[in-house]
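Novice: Here you go, sequence then predicted model.
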Amino acid sequence: MRLVVAVLKPFKLDEVKKALQVLGVAGMTITEAQGFGRQRGHTEVYRGAEYEVDFVPKIRMEVVVSEDMVEPVVDAIVATASTGKIGDGKVWVVPVDAVVRVRTAERGVDAL
Amino acid sequence: MRLVVAVLKPFKLDEVKKALQVLGVAGMTITEAQGFGRQRGHTEVYRGAEYEVDFVPKIRMEVVVSEDMVEPVVDAIVATASTGKIGDGKVWVVPVDAVVRVRTAERGVDAL
Amino acid sequence: MRLVVAVLKPFKLDEVKKALQVLGVAGMTITEAQGFGRQRGHTEVYRGAEYEVDFVPKIRMEVVVSEDMVEPVVDAIVATASTGKIGDGKVWVVPVDAVVRVRTAERGVDAL
Amino acid sequence: MLGTLTPYPNWLNTGDNTWQLVAATLVGLMSIPGLAVLYGGLVQKKWAVNTMLMAFAGFSIVLIVWVLWAFNMAFGHPIGGHGFFGNMVGMPHPIVSHFGEQNRANIPLVSGTGAMPPFHYPTSTLAYFQFVFAAITPLLFLGSVMGRMKFKAWLLLVPLWTTFVYAINAFMLWGGGWFAQQGALDYSGGYVIHLSAGVSGFVAAAIVGPRLKRDRQHGVPNNLLLVAVGAGILWLGWNGFNGGDPYFAGADAAAAVINTNLATAAALLMWVFMDMRFSKQRKPTLLGAVNGMICGLVAITPSAGWVDGYGAIIVGIVASGIVWVAWTYLPRIRPFSKVDDALGVVYTHGIAGLAGGLLLGFLGDPGMVEYLGKGKTASFSVNGLFYTGSWHQVWEQLVAGVWVICFSAVMTAVLCLIVKKVVGGLRMSDEELETGDLAVHDEEVYPPEPFAERVGVLAAASRAAEGTGEDIDDRSKP
Amino acid sequence: MLGTLTPYPNWLNTGDNTWQLVAATLVGLMSIPGLAVLYGGLVQKKWAVNTMLMAFAGFSIVLIVWVLWAFNMAFGHPIGGHGFFGNMVGMPHPIVSHFGEQNRANIPLVSGTGAMPPFHYPTSTLAYFQFVFAAITPLLFLGSVMGRMKFKAWLLLVPLWTTFVYAINAFMLWGGGWFAQQGALDYSGGYVIHLSAGVSGFVAAAIVGPRLKRDRQHGVPNNLLLVAVGAGILWLGWNGFNGGDPYFAGADAAAAVINTNLATAAALLMWVFMDMRFSKQRKPTLLGAVNGMICGLVAITPSAGWVDGYGAIIVGIVASGIVWVAWTYLPRIRPFSKVDDALGVVYTHGIAGLAGGLLLGFLGDPGMVEYLGKGKTASFSVNGLFYTGSWHQVWEQLVAGVWVICFSAVMTAVLCLIVKKVVGGLRMSDEELETGDLAVHDEEVYPPEPFAERVGVLAAASRAAEGTGEDIDDRSKP
Amino acid sequence: MLGTLTPYPNWLNTGDNTWQLVAATLVGLMSIPGLAVLYGGLVQKKWAVNTMLMAFAGFSIVLIVWVLWAFNMAFGHPIGGHGFFGNMVGMPHPIVSHFGEQNRANIPLVSGTGAMPPFHYPTSTLAYFQFVFAAITPLLFLGSVMGRMKFKAWLLLVPLWTTFVYAINAFMLWGGGWFAQQGALDYSGGYVIHLSAGVSGFVAAAIVGPRLKRDRQHGVPNNLLLVAVGAGILWLGWNGFNGGDPYFAGADAAAAVINTNLATAAALLMWVFMDMRFSKQRKPTLLGAVNGMICGLVAITPSAGWVDGYGAIIVGIVASGIVWVAWTYLPRIRPFSKVDDALGVVYTHGIAGLAGGLLLGFLGDPGMVEYLGKGKTASFSVNGLFYTGSWHQVWEQLVAGVWVICFSAVMTAVLCLIVKKVVGGLRMSDEELETGDLAVHDEEVYPPEPFAERVGVLAAASRAAEGTGEDIDDRSKP
Ligand SMILES: Nc1ncnc2c1ncn2[C@@H]1O[C@H](COP(=O)(O)OP(=O)(O)O)[C@@H](O)[C@H]1O
Ligand SMILES: Nc1ncnc2c1ncn2[C@@H]1O[C@H](COP(=O)(O)OP(=O)(O)O)[C@@H](O)[C@H]1O
Ligand SMILES: Nc1ncnc2c1ncn2[C@@H]1O[C@H](COP(=O)(O)OP(=O)(O)O)[C@@H](O)[C@H]1O
């Protein structure tokens, strides 16, 4: 089991979600995030004073998948979320020891 | 050391927190999340136009625990957070290489 | 490759970000979080009724780094974010199997 | 052509007509948007839409009821007969024909008897002015029952309550009915409006049952800026509320305005002082200030043009102090500990209204002239105990207060039970109670921005950063 | 000293002057902040600042245009000549000299001919009163074109539109021009303001092109509390809108006020009823109630002081029902399915305004007297079909309505094309469209709190918890 | 019965009384909720509650002070003696007895001498009208000191400042005192209110010390919709501010209203133009438009009824341009770079007020008549340099302006030091400064929804999805 974490541009969420559903991914968890990297932030101006906003809004997606799904899932995310422009984001994969479905206490792949 | 991540229904937070305190868990970190899975979202209607909201609000709890606490913690979460209804959420466990308490730079279990 | 996760006091973000940039860290992802631990929350009073807020606002920083950067990064975070007061937060390190840059599909350290 | 057209009949005074219409508009603004957003900001986020919709709909219903029958029940010819029951209510009758709207205003048992000077404007003006008072009253007690009452039940309760509670109390105190005949007084509605709303809300809250336990525990307001918007409109709108009630733009209207503000200022400061001195936290609070402000506004309402400025300041301080103490300690004892009066209407309107009504009996200054007498006629003013040593006015105020409390409580209970029967329950379903606005109206007060919308900033920003090349990166290398 | 100074000339009536100034202020409040925050709350978060800035700027521009030339185009001496074209528009002329501001108000073809009584206040009063109407009109159609129109294009379109559309329609119906001479009537602007704004907005929206697809799909409002603030100010502000239009604080002003409220209440309840009964969700909604409210306000505008209360209630119910049906079904067919009229102005203002204008022809009650006749002179009132059996007024209303639709549509199209040429395009760049306020104004409606600010709470709290020692921990050990 | 009751004394004019009461109510609304939410939306989230509470409390305190002694210091009989000091302030005296409230209004050195016509309403009306001006003044300079001043210090500074700064300036310019006797003029408070508030706020800010460095750096507004609400109420409320100052509902009141709007519209557009043309970003901004708007309102205040419409437009453009330049460049030089005038009151009120006061000397149009003369009496009007070639009025304006600046600065400094002594410091503790509202009032402006409340949506939704069975899943399998 692996946890795939993807930090992406928010407007790509729908497309990525659909691509993962096609692969059979049944669920995912999203958090709002602020990214810092090569992509620049912006400036806001209130009453003549400038305020730099370094961070750019991102969504952070977590999907727990079985081993054999890691590659297809990562590939699907990268393929769908890429616009070719700076700031498209990162995907990383983390090992998972165990997964449990709270409702049923099922464990492992059954829990997904 | 392990990181236990639990994605739960928000109204269960207080109960789960109390259950973990009983086990001796001293701290945890919560983020607001949006879940997608079997549980359906809802529809909002503004001026006659329907807007589908696919995601359901969840809280995402992170607890770093020592090896021997993993099972009791996961069990406590599952036992407390379960309502038996779709959407109760998932728990997953990730290996942790190191933990540090920022205030004192203590490492390992002492840092928890 | 490792994922360094740091839960910190929000007002330390800028300093920590700068310290990491000095080390050559090119990017990071931030989420807003609520911490629970030794540090107490506060009480709000509306129309005479008291409402306890157990949680304290934190920021949660994720940085994916190569193996050799783990120690310097953790040390820099701890050194910069510490105020010596309860609630300074925790840092933990998680193994990472793979990292991909979405824009280019580069993998590994090149993706950072 | 028609060279001799004239703009208005000669009984019409443009200043009085203007004052009355403007005063009415100010009072209307107190409901919509005033109370709607005051309550909308004070309730939990999950109930803001529901509360506001009930306010807008309630306001609308009362107007229809008012012009078709209730205005004349409150201000028309008595229904006939002698004694208490013959002077309890007016004959229902619409006022929306062309004659009904444009003829000269008259309240048969008051201006019709010479107990006050004849009006200088048409019935439309008087009826609209009185409507905004009738409309705000159920909106006030909405604060007691918000967060669980069925919308349909509200749609039915409001017209019934206006007809069978409000119109009757109004006739008895303002329309020249029984209590007016005994000498009880209520300048602009400390009893007819606030005491009645406070009591009725409390009773209705008891019958409808409490909100969800979770809602009561976590019922924090959602937006204090909007509370300030609503509170500010209430305060200044009250210049129309009390300033309009002499029915003429005379000297007493001006005195009522300044007295209203004096009592309010004093009450606000008093509550802030109590919070700083006696609350557990010993801190001044904005919502405390707003509570104090409302106490002052409510308490001066029964006496605004009949006390002098000193009296007004005393009314503000005393009422605010009493309500502060009640607000702090009564919730510990029954029935206050049991009934879920969500926004505490029974305190800031009920108790403050009663306190203000009784204080008139003590503080009414005979030198404050509402209408001037000519020749051998005495001017109209009020004789308070502190000026005359007579308990008469105190007694009249007490009797009328007891009546308003008992009658409003009993009638509201009866009407709630009728509505319950007709609509099939007064409460929402559990699912609706748990979810709030989204379940009941498919709307949220702050609809969440879809994820997709958050891209905008990026689009612009990344374009700016990219320039021509690909890996322009002036930040990652220190 | 100067013992014989007097405050005003003897043709001045302080009540009328006050009423007109207050009515104007109420109507001004309907725009600023009323419409500004109603629209600001109804649009997506990303366009709130842009929408509000366009409202504030548009309001300002109209005033300058109005006093320098447009007021006299709408209410001055006819430009000369006979027939339709000679009675189409007034001679442009400023009114800001000291004489222009302080002399007695007059509308040459109306009060100047005895078709109404002479005014009791100066030109400033009349001009300012008429300005607030002129100003709200482009602000209304801002709702059609928000979210993509260039700010510069707006700065130019507004003065052109006021000059070449508004002033002309106003002269023809209110300034004593051609349609007024034929007998067409528009009490306070169902045609001149609402129908024209609805049609013009629709045409402009078609020419400017739709918003981004993403904006149309995700265009949820951002704040229903602010919608309530704006809606409430609109409702009560309309007391000035319609109450001010007899130009005197007389009995008809009062009737217009109560009728306005009656139609509005009925229309609001009607829409809520339709939502509960016929919408897919079968649920009442706050934004539905606001839509209904606006329909009522708009529809009663052409007839407020010329129908009685029954008529007003009918106007509200009928217009709200018609617009509800149109709002639900028309978007499925062309051209409504194609044109992105962002806030649906063509329905709630265009269709409601037209419905109201036509209904006057049916419901005008001859017993409702606007100005009283003296001696052998007849009073001024309107003869609706239902009272007289004559189709005359219906016909006049129809002809004028058709004119306003056609003229506004054609002229708006021409003006849009001119502005496009001059400014170089009516639409923002793609980048601006994607990002919204932040790209166009470097501002956001709810500027995000920087992370650093969130520490405050902690500072206090941790200090409290620390006490003296280091590891005080009363929670971690159960 | 009492057939001969009359509604008011014969010196009372209902139109004037109504106008004055309504104007006062509009000005009151400018403070509460106007300024309270304008500032509440403009300050950082962490200070919104504190700022609004200070506004509500300050408003209340001024009223008590005003009726008990300060009104007569500003508008009563001179304290006696000759020359400057004998004409510096009035004799303190309460006005809240029944006689004080209901007798005919009089300003001994003005209406009492025939320098203006006698009033047509009671003292309550005049005192309340003047109160709302007195009350808004400290609220304006709250913008300079927000975000660090102790609440208790504010509670003490406000009454002292009203007594020892406001009342004296008001007497000297409006009460018939020294500068009025020399010929200096201030139509509605460009000097007495705005210049004085700007200077006093600046001085107080210097003495209280700056906000936290972090707050100055991250001090973004929290809600531009509420800024728009406040700004809109300010604009239209100013119709009462300037329209009320002839003290009669005459032709000059109307002229003052339209001139106020003209200057404001011109100033708003000017600032937007400057932003688009000369700011670093070359973009129009909503907060810039609001700044320009305020400059126009403030700058026309000293001259509203004494310039014609052209003059008003010039006042708006010039003042807005000057303040734009000052706002952009002065913060770079001392003392402006050092003093933390949080919302920039010294620019938009101080500099704009001074500019407006001086411009009156140039632009005062002798043809603009405030009060009409009869027989051999000249009408009252103002002779500007551009009309008469005489520098007299300019000189008088300059002298009075210098006085207001120096006196307000020195007195405010003295009062701040006194308050510091009495209260034990003017600044909050560091902990309070870091945490803001939550530390000082235990309240937040947008109280966070507890996690537990977010369940509602789920409850409904999951129930809907579950149906009867357990694993109904129409989404997970594609
Ligand atoms: N080392 C990292 N660890 C965690 N997140 C990162 C890291 N580097 C970048 N990110 C995330 O990826 C996002 C995109 O990175 P950025 O450098 O802007 O563009 P790109 O990935 O296209 O080169 C950032 O906004 C941040 O959220
Ligand atoms: N594969 C997954 N990876 C990460 N989070 C998941 C995954 N599947 C489900 N979740 C999270 O668990 C929540 C509950 O899942 P859902 O399928 O709705 O119900 P249940 O777990 O009861 O079957 C989801 O809302 C989502 O936040
Ligand atoms: N076991 C844990 N797992 C995850 N996060 C934790 C854990 N313990 C503490 N935290 C996080 O660290 C923060 C600081 O912890 P706290 O106990 O308050 O202070 P300190 O770390 O200084 O002893 C908490 O607010 C919480 O966000």
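Specialist: Nice, thanks for sending it over. Numbers count the residues shown, from 1 in each chain, chains lettered A, B, ... in the order given. Ligands and ions are numbered 1, 2, ... in the order given.
Novice: so what's residue D:44 up against?
Specialist: D:147, D:215, D:218-222, D:436, F:449, F:453 (Cβ atoms under 8 Å, 6 or more residues apart in numbering or on different chains). Where you see a C-beta, it was placed from the backbone N, CA and C, and this is true even at glycine.
Novice: Mind doing that once more with 6 Å?
Specialist: residue D:219 (Cβ atoms under 6 Å, 6 or more residues apart in numbering or on different chains).
Novice: ok, it to chain C distance?
Specialist: Counting by Cβ to the nearest Cβ, to the nearest Å, the separation of residue D:44 from chain C is 11 Å.
Novice: And the pLDDT at that residue?
Specialist: For residue D:44, the pLDDT comes out at 95.
Novice: How many neighbouring residues does residue A:32 have?
Specialist: 17 (other Cβ atoms under 10 Å in any protein chain shown).
Novice: Return the residues of chain A in contact with ligand 1.
Specialist: Contact residues, chain A versus ligand 1 (Cβ under 6 Å from any ligand atom): A:7, A:35-39, A:56, A:58, A:86-90.
Novice: give me that answer again for 8 Å
Specialist: A:7, A:33-39, A:55-56, A:58, A:60, A:85-90, A:92 (Cβ under 8 Å from any ligand atom).
Novice: Wasn't residue A:43 part of a strand?
Specialist: Yes - assessed by DSSP: H, G, I helix; E, B strand; the rest coil, residue A:43 belongs to a strand.
Novice: helices and strands around the helix or strand hosting residue D:130, which ones?
Specialist: Assignment of secondary structure by DSSP states H and E places residue D:130 within helix D:123-145. For helix D:123-145, the contact count by 3 or more Cβ pairs under 6 Å, 6 or more residues apart in numbering or on different chains; DSSP states H and E identifies helix D:14-29, helix D:48-65, helix D:196-208, helix D:345, helix E:251-278 as packing neighbours.
Novice: how about those in TSV, adding mean pLDDT and mean neighbour count?
Specialist: As requested, the helices and strands packed on helix D:123-145 are exported to TSV (pLDDT from 0 to 100; neighbours: other Cβ atoms under 10 Å in any protein chain shown):
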stretch	mean pLDDT	mean neighbour count
helix D:14-29	98	29
helix D:48-65	98	27
helix D:196-208	98	27
helix D:345	97	27
helix E:251-278	98	28
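Novice: now the residues of chain A next to ligand 1: which count as buried?
Specialist: A:7, A:33-39, A:55-56, A:58, A:60, A:85-90, A:92 (16 or more other Cβ atoms under 10 Å in any protein chain shown).
Novice: can you list the residues of the stretch 301-450 of chain D near chain E?
Specialist: Along the stretch 301-450 of chain D, the residues adjacent to chain E under the rule Cβ under 6 Å from any Cβ of the partner chain are D:441-443, D:445-447, D:449-450.
Novice: As CSV, the residues you listed with secondary structure would be great.
Specialist: Shown next, in CSV, are these (three-state DSSP):
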residue, secondary structure
D:441, helix
D:442, coil
D:443, coil
D:445, coil
D:446, coil
D:447, coil
D:449, coil
D:450, coil
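Novice: Tell me the buried residues within these.
Specialist: Those of these that meet the buried threshold are D:441-443, D:445-447, D:450, by 16+ other Cβ under 10 Å.
Novice: Minimum pLDDT in those, which residue is that?
Specialist: residue D:450 (81).
Novice: Please give me every residue in contact with that residue.
Specialist: Contacts of residue D:450 were listed using Cβ under 6 Å, 6+ apart, and they are residue E:218.
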